[in-house]
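Asker: Sequence and predicted structure are below.
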Amino acid sequence: MDAQIAIARSSDDAAQAAEIVERFLVASMIPDPETAAGFMIADVAITFTGGRKFQHPRETAGFNAKRYKWVKKKMERTDVAPGDGETVVYNTGTLYGEWPDGTPFEGNRYVDRFVVRGGKIVQMDVWNDSAERILIRKAIDA
């Protein structure tokens, strides 16, 4: 394959993967888990903070409903790493919203890592500072 064609295809795949992830995240924030699921394969592997495993966006929405009164993402950056047959997409930024008691928060850092193959998300890994913030709110010095 011609090097220019390979670079162009890689660039197109990267742009498509970033768009899929960003559209997924927007649907997730509504929250609209059924629309969000349309961007994922049926047997997607989702791992949230603390190693919690989920298989559908409705499960992650349920988890978030217990942790937050409401939560949204301020998406600051999307980085794409094209690979052989898959693309890894990192979306970073901060969370803002309210804790279950109605106390507002903002500036809670997050990193979401996605693996995209064939136009669908096959893996999602989530990290954020919520646990640290909860410890501080509970005055636990750990």
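Answerer: Yep, it's here. Being a predicted model, the structure only gives us computed values, none of them experimental.

Asker: quick one: the helices in the protein?
Answerer: All helices of the chain, identified by DSSP state H, fall at 3-29, 33-37, 57-67, 130-137.

Asker: Tell me the bridge partners for the spatially most central residue of the chain.
Answerer: The centroid of the chain falls nearest to residue 112 when counting by C-alpha atoms, centre = their mean (4.0 Å). Judged by DSSP bridges, the bridge partners of residue 112 are residue 91, residue 126.

Asker: Need the pLDDT of it.
Answerer: On the pLDDT scale, residue 112 is placed at 98.

Asker: Look at residue 3 and report its pLDDT.
Answerer: 44.

Asker: One more: residue 98?
Answerer: The per-residue pLDDT of residue 98 was computed as 96.

Asker: Numbering from 274 from now on, please.
Answerer: Got it, first residue is 274 now, which makes that one residue 371.
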